[in-house]
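Visitor: The following comprises the amino acid sequence and a computationally predicted model.
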Amino acid sequence: MSPKLKVPSLAFHLLLCLVLSYVLAAGISFEVDTYFCLLSCFSVLLMVLNFILKRRAFLKVKLKSVVLYFLFLTFCMLRYEVYVEGQNYLLLSLQNTDEAVVVEAEFIQGKVSEGNYSPLLFEVNTVFLAESKFQTKEKLLVVYFQDSTQPLLQIGEVLCFRANLSPISNSTNPGAFDALSFWENKGVRTRVFLRSDQSLKVGKNHRWQQVFSTWREKLAVKFEGVLASKEAGIAKALVLGDKSDLNTDVKDDFTAAGAMHVLAVSGLHVGILLFCLQFFFQKIPFLRKKNLYFIVALVVLWGYAFLTGASPSVIRATTMFTFLVLGKLRGKGMFSMEVLISTAFLMLLLSPAYLKDIGFQLSFSAMFSIALFFEGIKNLLHFKQGWLHKIWEGTALCFAAQLGTLPLSLYYFHQLPNYFLITNLVLLLMAFAAMFSGLLFLVTSVLPFVSDLTAFLLKISFNSLSSAMEEIASWPYALTQGIQIGLGSMFVLYALLLFIQFQVQLRRLKLILIAGVVFFLTAGWIVKEREASLREVHLFVLEAKGPALLFSLQGNHHVVYESSNPSLRKELAFVLKNYQQKNGGEISFHPLEDERISIGELQVEVRQDSLYLNYHSLEHHLALKDKQDSCLEIRLP
């Protein structure tokens, strides 16, 4: 007999119901009464079908199960509607009004940078408009400029300022970051621009965030006293969750090596810390009784989550591992599918916004993939030597996680680190060593002689990690950019992976081969679409602080003409980073000095506020004065 496929029943169906209902509720606007009308009609239809088909066993409808399923679906849709309607939209209604409003708000999240504009999150207490006063608890994005002559803004401080509220909007430049969706998922829809000399401090609330922020700054100073600036920035990001001191080169190296997730405290870091805590606490006799070391480890884990700033990614990862540990205490496996599904269900039920969170999607994709594929991959090879077996287990774990996140990564980030199979095992070992040495150094920094030893280990681990990422990023073809797949292609890839896994469990070789062929055909189609997109020719008039033209040409090459201004070139390099990631190729900069520009068969003539294009004898005129500070695109045949 062929082995039976084990599928979690109740937990799986509840999660499926929840996700389905949120997707439907987000796309379809129904009144509450409409839900119950639909429920009644559907129930009557099921009763009729049950009566008609009751003598046909293979078509018999289980009325109670389906009605309960639909009832829960309806409940989840109502839960989503309650979540949406429960949000306050006062600031939204006051956007773009002719009269400025006076706002009293508290600084709750973000890091202030002197001499630069910083995106900070405020919680609004009161809004004053004319003679009216409104109380609210909405979130407000404040693009804040900290003057060096003014006292540095601290978390918990309450400011009063006059401002014009405006909606958050995206840049119109190609490949620009989707700031609107990013902030909407955080419940923020309004922003203001504010200088430090335009506000008045009216109070300060002593929040727990300020306490942990102070501790975090003191610990960061310890890293700065031992490590060079580059490695100190990596240490603060990896151990403390502070990415403010990471330079562009470090981010590019880690991206090319497929290790960017190491620089944001998330599931990897929480998992490493949990492993270390369990390992040490398990050695203590009285904690080993009744598995108390698990509980103590969880307490320390949550303390670490708050120390690193309690960002959504850290809280999500800590919550997930908390449920996994509790599941293990009840006799489940560490990567139990039922525990994972139950965790995802509860988190989505409490906060429907998680469904649109990329971090949530990637975290659970990796964990579900480990639960599905890890054992099968691990059993492909067997080693008698214990150390070789552990290395292979780590390799299998990394590969299983990558399988689950690959389609999502291609969909969102449009790039593939080509050496990720090689680098991820090295990365796992080096990240483990770096984080362990970082935590050990912070714990022992008050001990005179021990701190010297741990500081030495800290230098070795972070210098090695930095050098390894830099070396991998320098390898030829380390990163493939410009991979664009649609939502349908992403779901096809996931469906094929699941289908192959299920057929492996059922040992159906023919179907596995067919699915493998379809998988490679899909991959070939994605490559073909990428090559086709490279043959298009585009001209973009960019939204920037100076005149700039971007030519996207055949042969996967992009040329930017701009005025000879170093600050503008730096701005354009940042603006076009996402464009290059999405479309691939190289970007070169040239000064916009000549009146005529010739690029192959494309002729461009610049006259005051106008462009005259000639391509394959087709002429086009563009008046730049009508551009109105937004990007324009011309697609040439």
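Guide: That came through, no problem. Predicted, not measured: the structure shown is a model, and the values here were computed from it. Residues are numbered from 1 along each chain as shown.
Visitor: Report pLDDT for residue 538.
Guide: On the pLDDT scale, residue 538 is placed at 69.
Visitor: er, residue 610 actually
Guide: On pLDDT, residue 610 comes in at 63.
Visitor: try residue 622
Guide: According to the model, residue 622 scores 53 on pLDDT.
Visitor: going forward, begin numbering at 476 instead of 1
Guide: Sure thing, new numbering starts at 476, so read that last one as residue 1097.
Visitor: Relative to residue 910, how far out is residue 748?
Guide: Shown here: residue 748 relative to residue 910, a distance of 7 Å by CB to CB, to the nearest Å. C-beta: built from backbone N, CA, C; applies to glycine.
Visitor: Kindly report the same for residue 722.
Guide: Here residue 722 is placed at a distance of 21 Å from residue 910 (CB to CB).
Visitor: again, but for residue 592
Guide: When distances are taken as CB to CB, residue 592 and residue 910 turn out to be 32 Å apart.
Visitor: residues making contact with the strand or helix carrying residue 776?
Guide: Here residue 776 sits within helix 767-782, counting by DSSP states H and E. Outside helix 767-782, the residues within contact range by CB atoms under 8 Å, 6 or more residues apart in numbering are 683, 687, 690-691, 715, 745, 748-749, 752-753, 756-757, 759, 761-762, 789-790, 793, 796-797, 800, 803-804.
Visitor: go on, stretch 606-615?
Guide: Judged by CB under 8 Å, 6+ apart, the contacts made with stretch 606-615 from elsewhere in the structure are 562-566, 578, 580, 596-603, 661-663, 665-667.
Visitor: domains in this protein, as residue ranges please.
Guide: 485-560, 565-681, 687-956, 962-1009, 1012-1111 (automatic domain parsing).
Visitor: Dump the ones you listed into a markdown table; add mean neighbour count as well.
Guide: What follows is these, written out as a markdown table (neighbours: other CB atoms under 10 Å):
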| stretch | mean neighbour count |
| --- | --- |
| domain 485-560 | 14 |
| domain 565-681 | 16 |
| domain 687-956 | 18 |
| domain 962-1009 | 14 |
| domain 1012-1111 | 15 |
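Visitor: Could you identify which of those has the lowest mean pLDDT?
Guide: When the domains of the chain are ranked by mean pLDDT, domain 485-560 comes last with a mean of 55.
Visitor: Put the alpha carbons of the helix or strand containing residue 792 into PDB.
Guide: Taking DSSP H and E as the definition, residue 792 sits inside helix 787-804. Extracted in PDB, the C-alpha atoms of helix 787-804 (Å, rounded to 0.1, in the frame of the first residue of the first chain):
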ATOM      1  CA  PRO A 787       7.200  44.000  14.000                       C
ATOM      2  CA  SER A 788       9.700  41.500  12.600                       C
ATOM      3  CA  VAL A 789      11.200  40.700  16.000                       C
ATOM      4  CA  ILE A 790       7.800  40.500  17.700                       C
ATOM      5  CA  ARG A 791       6.600  38.300  14.900                       C
ATOM      6  CA  ALA A 792       9.600  36.000  15.100                       C
ATOM      7  CA  THR A 793       9.500  35.800  18.900                       C
ATOM      8  CA  THR A 794       5.800  35.000  18.900                       C
ATOM      9  CA  MET A 795       6.300  32.300  16.300                       C
ATOM     10  CA  PHE A 796       9.200  30.600  18.300                       C
ATOM     11  CA  THR A 797       7.200  30.900  21.500                       C
ATOM     12  CA  PHE A 798       4.400  28.800  20.000                       C
ATOM     13  CA  LEU A 799       6.900  26.400  18.600                       C
ATOM     14  CA  VAL A 800       8.500  25.900  22.000                       C
ATOM     15  CA  LEU A 801       5.100  25.500  23.600                       C
ATOM     16  CA  GLY A 802       4.200  23.000  21.000                       C
ATOM     17  CA  LYS A 803       7.400  21.100  21.800                       C
ATOM     18  CA  LEU A 804       6.500  21.000  25.400                       C
END
